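[1] When you get a sec, could you give me coordinates for this:
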Amino acid sequence: MTSLNLETLIEGPDVNVPRPIFPNDFGVESCHEIVDRNGGKYDIFKFGPNQELPEIVAEWLRYRTLTQLAVQAEHEGDIYRFGDVQNIKEKFLHDQGGRTLYVATREGRIYGESWLHGLRNSSVDFLLAQAGIDYFASYKGKEIGSESLATIAVREYGAAIRNGLALELNAFATHKYFEDHPNCLGVVDRLGANDTMQQELNDNIELLFGNHKMIPIKTGPGFIIHVALRHNDKEEQKTDSGFIAETIRV
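    A predicted model of the protein is given here:
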């Protein structure tokens, strides 16, 4: 198995490689383990709106953002969101109504993260909320408000890119969010046309943790919006690959 420590970490003006991460830095136990396509194992740590983000996590999020060209090309807002360690530490878990963050670590480094927060009927959340509300009204015959929806974002970094970490992390975080928020009916995400996870979602949909399938509900120039639905009724469905999956009827 190739060690991720063979990954070259670069430095630049005001961008230094953070010290290695140790599990006891977080003050919380790992809540899950993800194995990527190459057999690499990642410990997943959860941080919620009532916590303060550990400084070492903030340092790695800033470092990965400023040294990852794919992040800067596809998620330009991250440069501002993760531009200052103190702001990340103090604000990231608390603004926009409070976030839940999952980080994937291996060999002392952060290789992925996923965060979720409830949608609000505001100028920031309007397009995502309206896409979800319209979907439930048109296809499910349910009138819901933005308070019944959340949104999710996922990133993968460095040697983990395109090895399936983002797909599994996104699915696990969605599943856990539904467990923690029983009134949430759907988790909405928006992907860029060139997002590295988009093809993985299409290719591996039956492998999602808990089988919360991401359904495309709105497309436009350069973007696609998906929603993952809460499981209400369960049935068994055999996929083309022969995999027996627990599916949803909402």
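[2] Regarding this protein, what is its longest helix?
    helix 165-180 (DSSP state H).
[3] what's downstream of that one, the next helix or strand?
    strand 186-192 (DSSP states H and E).
[4] Just give the closest residue to Gly186, not the sequence neighbours.
    The shortest distance from Gly186 to any residue other than its chain neighbours is 4.6 Å, reached at Val227 (C-beta to C-beta, 6 or more residues apart in numbering). Using the backbone N, CA and C atoms, a C-beta is placed for each residue, glycine as well.
[5] now do Ile10
    Per C-beta to C-beta, 6+ apart, closest to Ile10 is Thr67, 5.5 Å.
[6] Correct me if wrong: that neighbour contacts Glu7.
    No: the criterion here is C-beta atoms under 8 Å, and Thr67 misses it with Glu7 at 11.0 Å.
[7] So those two - more neighbours on which side?
    Legend: neighbour count by other C-beta atoms under 10 Å for Thr67 and Glu7, higher for Thr67 (17 against 14).
[8] Please list all residues in contact with that one.
    Listed by C-beta atoms under 8 Å, 6 or more residues apart in numbering, the contact partners of Thr67 are Leu9, Ile10, Gly12, Val15.
[9] Over to Leu9?
    Val17, Thr67, Gly158.
[10] So the residue nearest to Gly186 sits against Val187, correct?
    Yes: applying C-beta under 8 Å as the test, Val227 and Val187 come out as touching, 6.8 Å apart.
[11] What strand or helix carries Asp95?
    Per DSSP H and E, there is no helix or strand for Asp95.
[12] what are the ranges of the strands in this structure?
    32-35, 41-47, 100-106, 109-118, 149-156, 186-192, 214-220, 223-229, 233-238, 244-249 (DSSP state E).
[13] Give me the buried positions along the second one.
    Spelled out, that is strand 41-47. Tyr42, Asp43, Ile44, Phe45, Lys46, Phe47 (16 or more other C-beta atoms under 10 Å).
[14] Which residues are in contact with the second one?
    Spelled out, it's Asp43. Applying C-beta under 8 Å, 6+ apart, the residues near Asp43 are Pro23, Ser30, His32, Glu33, Ala104, Thr105, Arg106.
[15] And it, how far from Gln130?
    Asp43 sits 37 Å away from Gln130, going by C-beta to C-beta, to the nearest Å.
[16] And the last one, by the same measure?
    Taken as C-beta to C-beta, the spacing of Phe47 relative to Gln130 amounts to 29 Å.
[17] burial count for Leu167?
    Leu167: 26 neighbours (other C-beta under 10 Å).
[18] how far away is it from Glu113?
    Relative to Glu113, and taking C-beta to C-beta, Leu167 is found at 14 Å.
[19] show me where pLDDT drops low in this protein?
    Residue ranges of the chain with pLDDT under 70: 1-6, 70-77, 79-80, 193-212, 232-250.
[20] The same query, at a cut-off of 80, please.
    Along the chain, the parts satisfying pLDDT under 80 run over 1-6, 68-82, 121, 191-214, 222, 231-250.
[21] Report how many residues lie close to the residue nearest to Gly186.
    Count around Val227 with other C-beta under 10 Å applied: 24.
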